[in-house]
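> any chance you can model this:
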Amino acid sequence: MKSIDRCSLVDDFSDLTVIIPTLNEKENVPKLASMLLKRYGGVRIVVSDDGSTDGTKAAVEKLIRSSKNRVKFLDRAHKSVHGLTASVLDAALLVNTKYIVVMDGDMQHPFEKVGEIARALEGNDLVIASRIKVKEWGIGRRVMSKCMSVFVYTVFKLRGRRTCSDMMTGFFGINTKLFKSLITKNRKSFVYDGYKVLLDTLRLVEPDTKIKEVYYDTFHIRKHGKSKLGMNQIVNTIRSTLM
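Sure thing, here's the model as predicted:
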């Protein structure tokens, strides 16, 4: 990444590609992509879509025409395997920039943290954006999230794997060369139909991988579209943990 003026809203982020995995996010993704393009000069965006039926593709294509080729749409509608992890991995193999940031397309991850993640990648291999607290969740969601987090963290610790304070986050940055290497060398070790690609990544990285955490306390509540969380995703998270 070239030198960055921390006080400016628009700097040179031409070494960065943001991957946004999507499924029926027509109302959210164009807004998110527009904010990223405006704030981070030179940034590239890959919207990796898993077969949306709500018009997400058409909405993104409008943005592509005005973005001077800084936005790409990866249509995975006819892929044999569907899942957030598969969407991220397919997109990562197409990236040509030095760094990648992965974030959800539902506007819950604060786009303002992308710059901090990108800067931290200059001296680290993997940068994880960890939530401090999610105040708006109901008691049921909090309990489920806490139980899953403790379970995953404990298993990883016992097996000597790398950990972080928010094992369930889907917001992270990674060196592109490292990510591509992990994908090509461990094709059968990722849970492609799952949605916790960071868990698979932490499970597969070498012990000497340089990992840093950045923190945020603004986890936005979804305003449009429906959550993809369900029993299948919980099962797949357990699979990612125990592999």
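> so which residues of the protein form helices?
29-39, 56-66, 84-92, 114-120, 139-158, 176-185, 197-204, 231-242 (DSSP state H).
> let me see the mean pLDDT of the fourth one.
Just to be clear, that refers to helix 114-120. Here helix 114-120 scores 97 as its mean pLDDT.
> what comes up buried for it?
114, 115, 116, 117, 118, 119, 120 (16 or more other CB atoms under 10 Å). C-beta here means a position set from N, CA and C on the backbone, and glycine is covered the same way.
> ok, back up a step: closest to residue 108 out of the helices of the chain?
helix 29-39 (10.0 Å; CB to CB).
> helices and strands around the closest one, which ones?
Judged by 3 or more CB pairs under 8 Å, 6 or more residues apart in numbering; DSSP states H and E, the packing partners of helix 29-39 are strand 16-22, strand 44-49, helix 56-66, helix 114-120.
> what pairs with the first one, parallel or antiparallel?
The strands that strand 16-22 pairs with in its sheet are strand 44-49 (parallel), strand 99-102 (parallel) (by DSSP bridges).
> output these as TSV; include the columns mean pLDDT.
Below are the strands paired with strand 16-22 laid out as TSV (pLDDT from 0 to 100):
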stretch	mean pLDDT
strand 44-49	98
strand 99-102	98
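> let's have those strands in a markdown table, adding distance to residue 232 and mean neighbour count.
Output for the strands paired with strand 16-22, formatted as a markdown table (distance: least, CB to CB, whole Å; neighbours: other CB atoms under 10 Å):
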| stretch | distance to residue 232 | mean neighbour count |
| --- | --- | --- |
| strand 44-49 | 19 | 25 |
| strand 99-102 | 20 | 26 |
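> partners of the residue nearest to the spatial centre of the chain in the sheet?
Ranked by distance to the mean C-alpha position of the chain (CA atoms, centre = their mean), the top residue is residue 102 at 2.6 Å. Beta-bridge partners for residue 102, by DSSP bridges, are residue 19, residue 172.
> give me the neighbour count for residue 124.
Neighbour count for residue 124, taken as other CB atoms under 10 Å: 18.
> any idea how far residue 160 is from it?
Noted for residue 124: a distance of 20 Å to residue 160, by CB to CB, to the nearest Å.
> so who does residue 237 touch?
Contact analysis of residue 237 by CB atoms under 8 Å, 6 or more residues apart in numbering lists 148, 152, 168, 194, 195, 196, 199.
> any low-confidence regions in this protein?
1-10, 133-138, 218-230 (pLDDT under 70).
> kindly recompute the last result at 80.
Applying pLDDT under 80 to the chain flags the ranges 1-11, 133-143, 145, 218-231.
> quickly note the distance from residue 217 to residue 103.
Distance from residue 217 to residue 103, by CB to CB: 16 Å.
> now do residue 63
Residue 63 sits 16 Å away from residue 103 when distances are taken as CB to CB.
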